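Engineer: Give the three-dimensional model of this entry:
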Amino acid sequence: MAPDKHSRSLSQTVMSWFGRASTTSLAPQQQAAALTTLSTSPSMVSLASQTSSLYTLPSLLPDQVDDKFTGYMDDRLPGSCSDDLAPPYPPVTMIYEHAQAKRVYITGDFDQWTASVRMERAPGSSSTFHATLHLDPTKTHVYKFVVDGCWAIDPARPYRQDNQGNVNNILYSTK
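Structural biologist: This is a model prediction of the structure:
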């Protein structure tokens with residue numbers, strides 16, 4: 001069955017969301033195959049019914065996302081999308097100690113406070129978490145941890161209170 005105008009619109013939209021070429025250059029059979037692949041992919045919830053003219057993507061909370069599909073991207077900053085591109089800044093390994101933590105994220109001015117970087121448990125440790133970030137060494141960065149859903153700082157590292165009364169860790173520039 002050939003895709004209707006709504007299906008083409010959906011496949012074009014979804015392809016552009018994932019940074020792939022627009023399907024407008026594809027033959028109708030390829031467009032149908034792309035739409036079928038997208039709507040039946042095991043890593044995506046069904047995007048839409050081909051008979052419906054309303055298409056919505058699911059909105060998942062962090063605890064509803066299966067780590068096997070997201071874990072490989074946790075150490076990337078927003079806007080990075082390819083392993084072929086060299087990171088713009090040198091790597092900085094951030095460490096956090098917490099014996100009872102299940103999930104630890106690091107967030108700050110470098111990711112617009114979105115808690116997008118999940119820290120991994122260090123091999124052979126039950127309490128040490130680490131993440132590698134690529135930060136501008138000429139800037140002072142402000143950051144915090146999200147430990148099992150709660151804000152936390154590392155009192156062993158430099159910290160300060162901002163104008164709104166929030167206490168954050170600081171990573172000073174090296175230049």
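Engineer: List the first helix or strand encountered after the one helix or strand residue 105 maps to toward the C-terminus.
Structural biologist: Per DSSP states H and E, residue 105 falls inside strand 104-108. Next helix or strand after strand 104-108 toward the C-terminus (DSSP H and E): strand 117-121.
Engineer: Can I get whichever helix or strand comes after that following strand as CSV, trimmed to CA atoms?
Structural biologist: Proceeding N to C from strand 117-121, the next assigned helix or strand is strand 128-134, under DSSP H and E. Coordinates of each C-alpha in strand 128-134 appear next as CSV, following Å, rounded to 0.1, in the frame of the first residue of the first chain:
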residue,chain,number,x,y,z
THR,A,128,32.7,5.8,42.7
PHE,A,129,31.0,7.3,39.6
HIS,A,130,32.8,9.0,36.7
ALA,A,131,32.0,10.8,33.5
THR,A,132,34.2,12.4,30.8
LEU,A,133,33.2,15.8,29.6
HIS,A,134,34.7,18.1,27.0
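Engineer: the helices in this protein, which residues?
Structural biologist: Secondary structure of the chain (DSSP state H): helices at 5-17, 28-40, 67-70.
Engineer: can you list contacts of the strand holding residue 105?
Structural biologist: Residues from elsewhere that reach strand 104-108 (C-beta atoms under 8 Å, 6 or more residues apart in numbering): 94, 96, 98, 113-119, 129, 131, 133, 141-148, 168-169. (Each C-beta comes from the backbone N, C-alpha and C, glycine too.)
Engineer: Work out the sheet partners of it and label each with its direction, please.
Structural biologist: strand 117-121 (antiparallel), strand 141-147 (antiparallel) (DSSP bridges).
Engineer: Let me know the angle separating it from strand 128-134.
Structural biologist: 40 degrees (axes from the mean of the first three to the mean of the last three C-alpha atoms, to 10 degrees).
Engineer: tell me the mean pLDDT for strand 104-108?
Structural biologist: Averaging pLDDT along strand 104-108 gives 97.
Engineer: ok, now stretch 149-157?
Structural biologist: The model assigns stretch 149-157 a mean pLDDT of 96.
Engineer: What's the end-to-end length of it?
Structural biologist: With C-alpha to C-alpha, to the nearest Å as the measure, stretch 149-157 spans 21 Å from end to end.
Engineer: Then stretch 164-175?
Structural biologist: End-to-end distance for stretch 164-175, by C-alpha to C-alpha: 28 Å.
Engineer: got the domain boundaries for the chain?
Structural biologist: Listed domain ranges for the chain are 5-59, 63-171 (source: automatic domain parsing).
Engineer: Of those, which shows the lowest average pLDDT?
Structural biologist: domain 5-59 (a mean of 41).
Engineer: Grab the nearest non-local neighbour of residue 136.
Structural biologist: Nearest residue to residue 136, sequence neighbours excluded (C-beta to C-beta, 6 or more residues apart in numbering): residue 89, at 5.3 Å.
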